[in-house]
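Peer 1: Okay, structure incoming, though there's no sequence with it:
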């Protein structure tokens, strides 16, 4: 875009959760002055109430995505109307990013149950944005500083993992991680991969998936020039002395990676989607209905998500100019 600073879309998320608070607090933070311009996608009366409470009334440009006046829904509770509103805001922000109206999207938390209550099949931001972008080659990454992690399978049941974490998928996901780390300035990333089974399968004694899929995938990646080690037993890969050897980690399913990641970086973790034609990041936490609208939300993860979005938007803009 022609603007001197990137325009960052912030989706409000579920209005009954902590998203509105985080959105207005982030947008009002003076640290972004001269570095980013914000537009918040959501319900205007909800955002104005949040701004009144937590940003001295300051509210940046709002892109309305439906009407659900503040006070007409229960705070901290799943509601189909809130789910629909959050879903529509996400859709509008993604379409504007595709059209070049904004440079990046930072998504505040949505409640999957609330969206499904609205009759919309929804498994997560990642899948919905990829659908709108008509993109199949994507993956969710979690990051906090030098800790970077991707998931070969994500929002699927555990029973589906062995069917989906196959050689071709492991290679695809590892290649996306490799390129993402290189884009952050590490020319020759060193990666590691977790096994699917306990103890890396014990040479087939605890399942054959690692013998059939994981090990051949890692061999193929090494032959292509990607420096990757493993498969590591999942219960040792995240030990500090081991994980710190690597620039990125490949995990096989959601909870295998997400549990240790949240233990290590709950207040600073960022969720981003690799492989998309648009830049998308988000905080690595949920709607936190138990503390919603109480002024208790920690903005650390949301702030880190904006920082990464600004960095990537600036990098992409520089590449286009070059």
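Peer 2: That came in fine, so what should we check first? Keep in mind that this is a model prediction, so the values were computed, not measured.
Peer 1: need the contact list for the residue nearest to residue 15 when sequence neighbours are not counted.
Peer 2: Distances taken as CB to CB, 6 or more residues apart in numbering place residue 46 nearest to residue 15, at 4.6 Å, with adjacent residues excluded. Yep, even glycine has a C-beta here, placed from its N, CA and C like the rest. Applying CB atoms under 8 Å, 6 or more residues apart in numbering to residue 46 gives the contacts 12, 15, 20, 68-70.
Peer 1: Now the two most distant members of these.
Peer 2: Spatially, the most separated pair among these is 12 and 69, at 14.1 Å (CB to CB).
Peer 1: neighbour-wise, which of these two wins?
Peer 2: Shown here are residue 12 and residue 69; by other CB atoms under 10 Å, residue 12 has more neighbours (32 against 11).
Peer 1: So that one is in contact with residue 21, correct?
Peer 2: No. Using CB atoms under 8 Å, residue 12 is not in contact with residue 21; the gap is 9.9 Å.
Peer 1: re earlier: possible to save the contacts of residue 46 as JSON lines with secondary structure and pLDDT?
Peer 2: As requested, the contacts of residue 46 are exported to JSON lines (DSSP: H, G, I helix; E, B strand; the rest coil; pLDDT from 0 to 100):
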{"residue": "12", "secondary structure": "coil", "pLDDT": "97"}
{"residue": "15", "secondary structure": "coil", "pLDDT": "98"}
{"residue": "20", "secondary structure": "helix", "pLDDT": "98"}
{"residue": "68", "secondary structure": "coil", "pLDDT": "96"}
{"residue": "69", "secondary structure": "coil", "pLDDT": "95"}
{"residue": "70", "secondary structure": "coil", "pLDDT": "97"}
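Peer 1: What strand or helix carries residue 8?
Peer 2: strand 7-11 (DSSP states H and E).
Peer 1: Also residue 278?
Peer 2: Here residue 278 is assigned to no helix or strand, by DSSP H and E.
Peer 1: residues contacting it?
Peer 2: By CB under 8 Å, 6+ apart, the residues touching residue 278 are 94, 97-98, 104-105, 129, 133.
Peer 1: from those, which two are the most distant?
Peer 2: Maximum pairwise distance among these (CB to CB): 13.5 Å, between 104 and 133.
Peer 1: Of the two, which one has the most company?
Peer 2: Using other CB under 10 Å as the criterion, residue 104 and residue 133 rank with residue 104 on top: 27 against 19.
Peer 1: Surely that one touches residue 311?
Peer 2: No. Between residue 104 and residue 311 there is no contact, the gap being 9.5 Å when judged by CB under 8 Å.
Peer 1: hang on, the earlier thing: the residue nearest to residue 15 should be in a helix, yeah?
Peer 2: Yes. Counting by DSSP: H, G, I helix; E, B strand; the rest coil, residue 46 is part of a helix.
Peer 1: gap between it and residue 158?
Peer 2: Note on residue 46: its distance to residue 158, by CB to CB, to the nearest Å, is 36 Å.
Peer 1: Run through the strands of the stretch 201-322 of the chain in chain order.
Peer 2: Assigned by DSSP state E, counting those that start in this stretch, the stretch 201-322 of the chain shows strands spanning 227-232, 248-251, 270-274, 280-283.
Peer 1: Between the two ends of stretch 162-173, how far is it?
Peer 2: Using CA to CA, to the nearest Å, the span of stretch 162-173 from its first residue to its last is 16 Å.
Peer 1: Pull out the buried positions in it.
Peer 2: Buried residues in stretch 162-173, counted by 16 or more other CB atoms under 10 Å: 162, 165-167, 169-173.
Peer 1: Could you check how far that stretch is from the centre of its chain?
Peer 2: Chain-centre distance of stretch 162-173: 20 Å, with CA atoms, centre = their mean, to the nearest Å.
Peer 1: quick one, helices of the stretch 201-322 of the chain?
Peer 2: Ranges of helices in the stretch 201-322 of the chain, per DSSP state H, counting those that start in this stretch, are 209, 215-223, 234-237, 240-243, 254-265, 300-321.
Peer 1: what would these look like in CSV with mean pLDDT?
Peer 2: Formatted as CSV, the helices of the stretch 201-322 of the chain follow (pLDDT from 0 to 100):
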stretch, mean pLDDT
helix 209, 95
helix 215-223, 98
helix 234-237, 93
helix 240-243, 94
helix 254-265, 93
helix 300-321, 80
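Peer 1: This completes my enquiry, with thanks.
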